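[1] dropping a prediction and its sequence here:
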Amino acid sequence: MPNYEDDFYKKENIIGYTGDPNVQPTVYFREGDRFGRITQAHANPANVGRNLVRDFEDYRIENTGRDGKAQEFYDAGIRHTSRNPFVPVEQGSAIIEELATAINHFPAIKPKFEDA
């Protein structure tokens, strides 16, 4: 299977993560109005890998869910609630290199989207 959206899933587009940064966090990406994430570990194997890249002007991520969990808003609603809070990162910070390992470890789209 070919890599999914290599032009988007790159280190320069990392905006943050959820979960333990040292143990397979979910890594979030954004470039302009385009956004996506790489889930490295999940109880449902069909939910591991690169998420669909979406494009919405109203995208935002905030820790507004129950117990401070991250929620992604776009298309005028809450579209995803994470299992953990979102931790934003700055480009050039030391953690970016560690988060970027997800890009090579998970090059394929999530199995649940393979036929989409």
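    The structure has been received and is ready for your questions. Quantities reported herein were computed from a predicted structural model and do not represent experimental measurements.
[2] what's the neighbour count on Asp67?
    Counted with other Cβ atoms under 10 Å, the neighbours of Asp67 add up to 7. For glycine as for every other residue, the C-beta is placed from the backbone atoms N, C-alpha and C.
[3] His42 versus that one, what's the distance?
    18 Å (Cβ to Cβ, to the nearest Å).
[4] partner residues bridging Ile109?
    Under DSSP bridges, the beta-bridge partners of Ile109 are Arg50.
[5] actually Arg30, sorry about that
    Assigned bridge partners for Arg30, using DSSP bridges, are Phe35.
[6] from now on call the first residue 168
    Yes, from this point I'll number from 168; that puts the last item at Arg197.
[7] who's in contact with it?
    Residues in contact with Arg197 (Cβ atoms under 8 Å, 6 or more residues apart in numbering) are 180, 182, 226.
[8] quick one: which of the residues you listed has the most company?
    Asn180 (21 neighbours).
[9] give me the phi and psi for it.
    Backbone torsions of Asn180, given as degrees, to the nearest 10, read phi -100, psi 0.
[10] I'd assumed Phe196 was in contact with it.
    Yes - Asn180 lies in contact with Phe196 (Cβ atoms under 8 Å); the separation is 4.2 Å.
[11] so the residue nearest to the spatial centre of the chain: helix, strand or coil?
    What sits nearest the mean C-alpha location of the chain, by Cα atoms, centre = their mean, is Arg204, with 1.8 Å. The three-state label given to Arg204 by DSSP: H, G, I helix; E, B strand; the rest coil is strand.
[12] for Glu257, the count of nearby residues, please.
    10.
[13] ok, Tyr176 next?
    25.
[14] next, the buried residues of stretch 231-245.
    232, 237-241 (16 or more other Cβ atoms under 10 Å).
[15] among the residues you listed, which are located in strands?
    Members of these lying in strands (criterion: DSSP state E): 238-241.
[16] pick the one among those residues closest to Val215.
    Nearest to Val215 among those: Glu239, at 17.8 Å, using Cβ to Cβ.
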